[in-house]
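J.: quick one: sequence plus predicted model below, questions after.
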Amino acid sequence: QIVSKCTILTVEDGHELVHQGVVGTETYFVIAGELEAIVEYGEGENALSQVVEVLVAGNTFGEVSLRNQESPCTVRAKGHGELAVGALRMVEMVVNQSQEAVRALEQIVKNEQKPV
């Protein structure tokens, strides 16, 4: 039900969808392609980054924004990809209509202590 109300977004290699440390405004559902979840450590010349997960069709990210939390990672397209993008207000509206969806999203957020 949520995905059917989303906008379809096509991305190319290197397109940044979420930036670490920023509170997002959208939730993403990967339809096709691969994206990298990257954690950045430090700043300036000493900055390091590490790919912590590769997201593929069926994965979601951006759910932490539902709780007004900063993104724990940066997410970038790795090649061509397609995503369903839902504005948080729309996602919240649909979620509020279904207690099952609320429990499922809470479980996702609870289980996603790793960056994604």
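T.: Alright, I've got the coordinates.
J.: number of residues surrounding the nearest residue to residue 60 once chain neighbours are set aside?
T.: Sequence neighbours aside, residue 29 is the residue nearest to residue 60 in space, at 5.2 Å (criterion: C-beta to C-beta, 6 or more residues apart in numbering). Placement of C-beta: from N, CA and C, glycine included. Residue 29 has 20 neighbouring residues, counting by other C-beta atoms under 10 Å.
J.: tell me the contacts of residue 79?
T.: By C-beta atoms under 8 Å, 6 or more residues apart in numbering, the residues touching residue 79 are 12, 13, 33, 34.
J.: next: residue 70.
T.: So residue 70 contacts 20, 21, 22, 23, 64 (C-beta under 8 Å, 6+ apart).
J.: need the helix or strand of this protein with the lowest average pLDDT.
T.: helix 88-96 (a mean of 56; mean pLDDT, DSSP states H and E).
J.: for stretch 18-33, buried residues please.
T.: 18, 20, 24, 26, 27, 28, 29, 30, 31, 33 (16 or more other C-beta atoms under 10 Å).
J.: beta partners for residue 78?
T.: residue 34 (DSSP bridges).
J.: tell me the contacts of it?
T.: 13, 33, 34, 35, 36, 54.
J.: by neighbour count, which of the residues you listed wins?
T.: residue 35 leads the contacts of residue 78 on contacts (other C-beta under 10 Å) with 26 neighbours.
J.: can you count the residues close to the residue nearest to it when sequence neighbours are not counted?
T.: Spatial nearest neighbour of residue 35, excluding adjacent residues (C-beta to C-beta, 6+ apart): residue 55 at 4.4 Å. Residue 55 has 22 neighbours, counted by other C-beta under 10 Å.
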